[in-house]
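Peer 1: got a sequence here, can you model it:
(chains A and B)
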There are 2 protein chains.
Amino acid sequence: MDFPSFLTSLGTSFLIFVILMLLFAWLSRKPGNSVVYYPNRILKGLDPWEGGSRTRNPFAWIREVMSSTEQDVIDMSGLDTAVYFVFMSTVLGILVLSGLILLPLLLPVAVTDDSIKSSVTNSTTQVAFSDLDKLSMGNVKEKSPRLWAFLAATYWVSFVTYYLLWKAYKHVSELRAEALMSPEVRPQQFVILVRDLPNLPKGHSRKEQVDSYFKAVYPDTFYRSMVVTDNKEVNKIYEELQGYKKKLARAEAVYEQSKQTGKPEGTRPTVKTGFLGLVGKKVDAIEHYNEKINELIPKLEAEQKVTLREKQLGAALVFFSTRVAAASAAQSLHAQMVDTWTVIEAPESRELIWTNFKIKFFQRQVRQYVVYIVVALTILFYMIPIGLISALTTLDNLKKILPFLKSVVKMKAVKTVLEAYLPQIALIVFLALLPKILLFLSKAEGIPSQSHAVRAASGKYFYFTVLNVFIGVTIGGTLFSTFKSIQKDPNSLVTVLANSLPGNATFFLTYVALKFFVGYGLELSRIVPLIIYHLKRKYLCKTEAERKEAWFPGDLGYGTRIPGDLLIVTIVLCYSVIAPLIIPFGVLYFALGWLILRNQALKVYVPSYESYGRMWPHIFVRLIASLLLYQITMIGFFASKKFYYSPFLIPLPILSLFFVFVCNKKFYKSFAHTALEVACRELKETPNMGHIFRSYIPLSLSSEKFDVDQSEDDALSQASRSVSMV
Amino acid sequence: MDFPSFLTSLGTSFLIFVILMLLFAWLSRKPGNSVVYYPNRILKGLDPWEGGSRTRNPFAWIREVMSSTEQDVIDMSGLDTAVYFVFMSTVLGILVLSGLILLPLLLPVAVTDDSIKSSVTNSTTQVAFSDLDKLSMGNVKEKSPRLWAFLAATYWVSFVTYYLLWKAYKHVSELRAEALMSPEVRPQQFVILVRDLPNLPKGHSRKEQVDSYFKAVYPDTFYRSMVVTDNKEVNKIYEELQGYKKKLARAEAVYEQSKQTGKPEGTRPTVKTGFLGLVGKKVDAIEHYNEKINELIPKLEAEQKVTLREKQLGAALVFFSTRVAAASAAQSLHAQMVDTWTVIEAPESRELIWTNFKIKFFQRQVRQYVVYIVVALTILFYMIPIGLISALTTLDNLKKILPFLKSVVKMKAVKTVLEAYLPQIALIVFLALLPKILLFLSKAEGIPSQSHAVRAASGKYFYFTVLNVFIGVTIGGTLFSTFKSIQKDPNSLVTVLANSLPGNATFFLTYVALKFFVGYGLELSRIVPLIIYHLKRKYLCKTEAERKEAWFPGDLGYGTRIPGDLLIVTIVLCYSVIAPLIIPFGVLYFALGWLILRNQALKVYVPSYESYGRMWPHIFVRLIASLLLYQITMIGFFASKKFYYSPFLIPLPILSLFFVFVCNKKFYKSFAHTALEVACRELKETPNMGHIFRSYIPLSLSSEKFDVDQSEDDALSQASRSVSMV
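Peer 2: Model (predicted):
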């Protein structure tokens, strides 16, 4: 890509961003859109425009975001979101501190040398280069003493990263401790999940087995247990029932509406009873749905009874009367045979994956490894299509392969735009397909909670993107030429990577710019959700519940957001010394991201669960993985510059491994478990154990009748009744 | 070594064994020797000859041993010893089951082929071989279909090992659970060791810090704490005092004796006050020692006060009123910063290594890695001297280097004996020096208990012996010829090992035979301790305490015993298929060992601590390491036989790794921690917490005065007094 097309790309991106910003400023002030731009505030019962965001100033939201504290984020969006911002600001800090030294130091050193010019003059083949390349390390001559400056810069970036990551880990650990020791009663802090129950002794029920076991170990603090059941059947009936209830409400709303708009007695809506409501007999909708509901209610109740009595699985939730007891129980070994009675802290009730509870200990291990292998294979074999795309989508190649494009390409504007965007768009579309598969695979490992599955999927996605996008594109650009040399000697991968990095610098500059201008512009303006909401509201939604569903924002989705951000970190780190010009782009990405997402976190997104910052150790390890990749690439790059002192860089990766070892030893365990000194803090009120217990009863099992006490209908649980409340 | 010298070696070994057996039968029946042959029974207050071992039959002890149950061993010598016998009998089982199939299957297959004969006929160089070699796999021709039998045998040995090891691990796990749930009150089950206390907040004492911390987390079950002190100074004074007390008792005994033997008024013993009692003024011994003791007692008391008050370290023992509370506390994370307030189950008071308590978390990590590196270097560089010894001590070499030996060697008998024993003796002496160093290094890691240090040292010793003795000797025999080829290609190590194995078969046969005949003969007859005891009793011991010290047997010393046994296992396993004739020797080794050591465990040795079988996982892993070495060697050996189907063996090492993974997952954690279902069993009496607390006060700090209550004299502990008894 040459310099003009780079500027075009940058310019159009910026233009789009400005347009989207203005759109946001205009649209967000319309009262009808408040549910799209302020849903989190509305759901929390706050005034959407509190704090003056409805003033004329279109940048008021920036002032608001800047003045918000970490505590505000925790209050509005939970600890997980706050941790995400710690990540953003840490990376921002790393890039700013790096840039402050690297830009004034390296740019003059690079630009005053003339390796590229002379190589062009000397060599007979025409080497493609742009003005940007003059500002990079590629412009420094081989063996030049100027390389010392770049070597020092490599160290500087690493040490800045260590220092800020250490501070961030400590800070997140403190945040987590604070959240866990909060005086609020949070049900999940009183519950543990017990899996791998051994086979039932004859004549005992599961409940008796669990109760007698835990009563023996915790005579004072055991409250009661809930045996996990196979809810597939009951869930199906429940979903069906809920569906009919919704349809009934909708039919009634339509009927009401027709009274107002049409004839005063209204038109009773009708429905066809056949397939999808498209064929079959036409009947009165309200009556039909009422009939169906009345049919299903007794069916549901019968199925609930059957489920509770006969579909018990080898897992249980165990409730304790104190937080310390639960925290301690969740990390103690209970059975002599380690693969039975395994315990973990119970996740929040809303994020439990019930179907995974019944998977046994060794099956979980096997599944985990199988998934790892599948993912590894996917990562490796995706490189082939990515490499092909990258090689094909340079315009020159396209012209050769698809000759009919020639006439289109001849138009100057089209050509520039195509050249600027084509490879990037191909890449972005390509990557959009992946997270769902990875989440599915992670759930198949037998992970019991949604948040954990998201963490696992997110980790896999990171390695995927780095390997495929970064390394794949970098090498892919020169893939066909270098494929042979790699085949001859697989160890040359690092050298090849190092050699092909400078050539791809502008590609990644454009990629980063596109991501932040267009990506964040779309994010802030929420054009797509806005359009969808208005369409739905106009043509589909009849009841209040349906309308709420239409604007309900979902969560921040950091499962896919973080790997994306980490990819940018990897790219910027790897290029930071080679082409320091990328640093301002990185800074812009994280500064804009911080601003815009903080706005969204405070006003838009509603977290779907709270894992108390357990995402952080995953982020941390992957940041270090990026740093390692950067350091190893630099070693290769310095070697390719024939710099005699490049072995001076070898301590860096060792230092990184040492750093991750120390951090993990010092902090990690308190993310995997709840420290007892944290769990033993006073609560502001005596916990209502009945309430905590009920919060874990799945909706499909908690009809009005069952709501009072699950075990009342569990005929086998008579023995456990004596435990009762504290 | 040729066949006659092998038979000579075997014959002399057996002769020595028979003589030692007869000596034992004769000596052990003399009442004066009962303290040497039955010290464990005497110390337990049992009649040494109960069960008829004083009858005329010299083999009565065998019947006795055979009829003893596992429970007897546990009662007399503790669980650790019982686990040792599980190990012995498991290996015995593996070898017997292997031998039953391998001997009748492989020997005929091998002996009817004639690879060696033909190679001798064909080749011009004279290849040294003996009749024994005809019975080995070396006698089978390359690519012969007979190798299928050997391949099947390789699988059979592996599967027998898996099956019996699985059963053994399960059995040991049950034994451990039973011992831990025993209704006896054992102090160590109520105590945890807390290290890495954070810096003291101003104006607080250590005791306040620890007490308030644990009282907050365990309001109901915390009993009290004991802050660890730096006892170096007080120990020195205490030792000095004990020394003088001993000397006083001895002087008084001498005086009493002189009254009876010499003049009726007796001769008061004298002593010189100078260096070592050799120079200086002559004074009355009894008076002098009394004076010294009177001087030291107040000094000790003052130092005790200073120690308790001012020499507190950042570690503490915390006492709980129930076993469950202690077991749960020992495995829970207490502090948000993982490197503070680290907890482990407290070891028995008699095996605590107090000086290691103050070593901080990260320092322990660093020390551990430093020790690992030092040990790895030692293991690798010891190969050079061992290789030299093995190469030099063949008699032909010796004659060349030391020509004056020629005349000695000409005598037939001397020559045969020398040839048979020289290399083996050199090896055994060489190895005797090592365990002490390894134990010292293990303690330097910062391990807090004696038993753990012994486990760590023992593990290192195993790798040492296997690498140096087995691999070193095997390759060393052909070292100088193959050194070049290894240098060229380090991967050829396996091939070299496989090629040189058959040549060393007789060496190891002799080694095993020597070890069990002479080693176990000496063990059973206890000639050395007997002579030492009688010499001491006659010339040195004056008081009853001194006499007891002279015959006190010490423990089984399995820290060095197990690596030795494991070396035999490794050798026998590796040769089991190549030269199946080694199996009977292995069976004899473990059968004799089982018999003789069981006798010693029941009657002689007194265990110095009880770790509840925590040695087992170490043994298990090393057994699997032996098995892996065997499997990899076999792959190499089959490949060297140019057998096309040798890749059929590749699943075996993978299976072994899978097996060790499953076993560790299923069993290991309950060896590292106490399972709560085990700890929650009823005790037969309410534990006397005061007694438990006092059992952990080191002797040097518990004079009569301090015995009552450590904290009474701890001026800073006023605040904690309110906790008191349960």
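
Peer 1: what does stretch A:651-664 rub up against?
Peer 2: When contacts are defined by C-beta atoms under 8 Å, 6 or more residues apart in numbering or on different chains, stretch A:651-664 is touched by residues A:154-155, A:158, A:162, A:165-166, A:169, A:617, A:620-621, A:624, A:627-628, A:631-632, A:634-635, B:362. All C-beta spots, glycine's among them, are computed from the backbone N, C-alpha and C.

Peer 1: what about A:His452, neighbour count?
Peer 2: 22 (other C-beta atoms under 10 Å in any protein chain shown).

Peer 1: same question, A:Val271
Peer 2: 18.

Peer 1: could you list the paired strands of whichever strand or helix holds it along with their orientation?
Peer 2: Take DSSP states H and E as the rule and A:Val271 turns out to sit in strand A:270-272. Counting by DSSP bridges, the strands paired with strand A:270-272 are strand A:282-284 (antiparallel).

Peer 1: tell me which helix or strand comes right after the partner strand.
Peer 2: Next along from strand A:282-284, by DSSP H and E: helix A:285-310.

Peer 1: quick one: list the elements packing against that next one.
Peer 2: helix A:232-261, strand A:270-272 (3 or more C-beta pairs under 8 Å, 6 or more residues apart in numbering or on different chains; DSSP states H and E).

Peer 1: neighbouring contacts of the strand holding A:Val271?
Peer 2: With C-beta under 8 Å, 6+ apart, strand A:270-272 has contacts from A:247, A:251, A:277-285, A:288-289.

Peer 1: between the helices and strands packed on helix A:285-310, which gets nearest to B:Arg309?
Peer 2: Checking these against B:Arg309 by C-beta to C-beta gives helix A:232-261 as the closest, at 66.4 Å.

Peer 1: and the angle for that closest one with helix A:285-310?
Peer 2: 160 degrees (axes from the mean of the first three to the mean of the last three C-alpha atoms, to 10 degrees).

Peer 1: which of the residues in helix A:232-261 are buried?
Peer 2: Using 16 or more other C-beta atoms under 10 Å in any protein chain shown as the test for burial, helix A:232-261 gives A:234-235, A:237-238, A:240-241, A:244-245, A:247-255, A:258.

Peer 1: equivalent analysis for stretch A:20-29, please.
Peer 2: Buried-residue list, stretch A:20-29, by 16+ other C-beta under 10 Å: A:20-21, A:23-25, A:27-29.

Peer 1: again with stretch A:68-78
Peer 2: Neighbour-count burial for stretch A:68-78 [16+ other C-beta under 10 Å]: A:68, A:72-74, A:76-78.

Peer 1: close to chain B: what parts of chain A are there?
Peer 2: A:173-174, A:176-177, A:213, A:216-218, A:220, A:324, A:327-329, A:331-339, A:341, A:361-362, A:365, A:662, A:665-670, A:673-678, A:680 (C-beta under 8 Å from any C-beta of the partner chain).

Peer 1: just the buried residues out of the residues you listed, in ChimeraX syntax.
Peer 2: To isolate the buried ones among these in ChimeraX, judged by 16+ other C-beta under 10 Å, type:
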select /A:173,176,177,213,217,218,324,327,328,329,331,332,333,334,335,336,337,338,339,341,361,365,666,667,668,669,670,673,674,675,676,677,678,680
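
Peer 1: among the residues of chain A next to chain B, which are in helices?
Peer 2: Counting by DSSP state H, the residues of chain A next to chain B place A:173-174, A:176-177, A:213, A:216-217, A:324, A:327-329, A:361-362, A:365, A:662, A:669-670, A:676-678 in helices.

Peer 1: mind putting the buried residues of stretch A:20-29 in TSV, pLDDT and secondary structure included?
Peer 2: Formatted as TSV, those follow (pLDDT from 0 to 100; DSSP: H, G, I helix; E, B strand; the rest coil):
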residue	pLDDT	secondary structure
A:Leu20	88	helix
A:Met21	86	helix
A:Leu23	87	helix
A:Phe24	87	helix
A:Ala25	84	helix
A:Leu27	85	helix
A:Ser28	82	coil
A:Arg29	81	coil
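
Peer 1: how about the CA coordinates for stretch A:243-250, as PDB?
Peer 2: Output in PDB follows, covering the C-alpha atoms of stretch A:243-250 (Å, rounded to 0.1, in the frame of the first residue of the first chain):
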ATOM      1  CA  GLY A 243     -44.500 -18.800  24.800                       C
ATOM      2  CA  TYR A 244     -48.300 -19.100  24.900                       C
ATOM      3  CA  LYS A 245     -48.500 -16.600  27.700                       C
ATOM      4  CA  LYS A 246     -46.600 -14.100  25.600                       C
ATOM      5  CA  LYS A 247     -48.800 -14.800  22.600                       C
ATOM      6  CA  LEU A 248     -51.900 -14.400  24.800                       C
ATOM      7  CA  ALA A 249     -50.700 -11.000  26.000                       C
ATOM      8  CA  ARG A 250     -49.900 -10.000  22.500                       C
END
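
Peer 1: for that stretch, give me every contacting residue.
Peer 2: Residues contacting stretch A:243-250 (C-beta under 8 Å, 6+ apart): A:271, A:285-286, A:289-290, A:292-293, A:296, A:542-543, A:545-546.

Peer 1: report the separation between the residue lying closest to A:Tyr289 once chain neighbours are set aside and chain B.
Peer 2: Spatial nearest neighbour of A:Tyr289, excluding adjacent residues (C-beta to C-beta, 6 or more residues apart in numbering or on different chains): A:Leu248 at 3.9 Å. Separation of A:Leu248 from chain B (C-beta to the nearest C-beta, to the nearest Å): 51 Å.

Peer 1: again, but for A:Phe516
Peer 2: A:Phe516 is 35 Å from chain B, by C-beta to the nearest C-beta.

Peer 1: repeat that for A:Gly564.
Peer 2: 30 Å.

Peer 1: burial check on that residue, number of neighbours?
Peer 2: 21.

Peer 1: quick one, phi psi at A:Tyr223?
Peer 2: Phi and psi for A:Tyr223, reported as degrees, to the nearest 10, are phi -100, psi -60.

Peer 1: go on, A:Met337?
Peer 2: phi -80, psi 110.

Peer 1: next up, the contacts around the most centrally placed residue in chain A.
Peer 2: Nearest to the geometric centre of chain A sits A:Gly559, at 1.1 Å (C-alpha atoms, centre = their mean). When contacts are counted by C-beta under 8 Å, 6+ apart, A:Gly559 touches A:435, A:439, A:454-455, A:457-458, A:461.
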